[in-house]
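Enquirer: What follows is a predicted structure for the sequence shown.
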Amino acid sequence: MMKKIAWFWLIIGIVVGVVGLATMNYTLHATGTDEFCSSCHVNNVVKEWQESRHYSNPHGVRVGCSDCHVPRSFVPKMMRKMKAIQEVYGHFTGVIDTPEKFEAKRKEMAESEWARLKANGGQECRNCHHMDTVNNPEKEYLKDMHVGALDSGQICTDCHKGVAHKAPE
């Protein structure tokens, strides 16, 4: 009898675990889409992003919200998602639900994001931008300049603020 009970709970545990992992995987994917992000940010940064080179460029590459704002590694991704829950809560409780309120908090939010990127060495930028492939015959100094900046501890947003969104005043 005890053996049957143990097997029963083991099977229940496996089923709950599989359902939990599937639900978590679905939720991580669903909350990382441009459509999800745009559902709250339609009145503030979506238009800026759509007018940026990260949205439309001659190379046909579109950089989505999660490409810049969500780390790829599991633990940093989970930490970022936990912070995002606070941001979603802030949206629904009226902290940034109007363009005026958003603008009032833009600098604070940008500085928080820049600090996050600084802490991880600009990893989200470097996922796409590789210094060893920088090649501009008209500006040959760019590669050395960027490699030198990275070697000295700078990251992309130290110089390139407001790339996909308007930089705060």
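Expert: Sure thing, it's come through. Residues are numbered from 1 along each chain as shown.
Enquirer: For the strand or helix carrying Asp158, which residues meet the burial criterion?
Expert: Asp158 is part of helix 156-159 when elements are defined by DSSP states H and E. For helix 156-159, the neighbour count (16 or more other CB atoms under 10 Å) marks 156-157 as buried. C-beta: built from backbone N, CA, C; applies to glycine.
Enquirer: measure Gln116 to Phe8 for me?
Expert: One correction, residue 116 is Arg, not Gln. Distance, Arg116 to Phe8, by CB to CB, to the nearest Å: 45 Å.
Enquirer: got it, and Ala104?
Expert: From Ala104 across to Phe8, the span is 56 Å (CB to CB).
Enquirer: and if you look at Gly162?
Expert: 58 Å.
Enquirer: what does Thr23 give?
Expert: Thr23 sits 22 Å away from Phe8, going by CB to CB.
Enquirer: same deal with Lys143?
Expert: Counting by CB to CB, the separation of Lys143 from Phe8 is 63 Å.
Enquirer: ditto for Tyr55
Expert: 53 Å.
Enquirer: In terms of neighbours, single out the busier of those two.
Expert: Using other CB atoms under 10 Å as the criterion, Tyr55 and Phe8 rank with Tyr55 on top: 16 against 10.
Enquirer: Looks like the more buried one contacts Ala164 (just checking).
Expert: Yes: assessed by CB atoms under 8 Å, Tyr55 is found in contact with Ala164 at 7.4 Å.
Enquirer: And the helices in this protein?
Expert: Using DSSP state H, the helices found in the chain span residues 2-30, 34-41, 45-50, 65-69, 74-92, 99-119, 123-126, 141-151, 156-159.
Enquirer: other SSEs contacting the fifth one?
Expert: Under the contact criterion of 3 or more CB pairs under 8 Å, 6 or more residues apart in numbering; DSSP states H and E, helix 74-92 touches no helix or strand at all.
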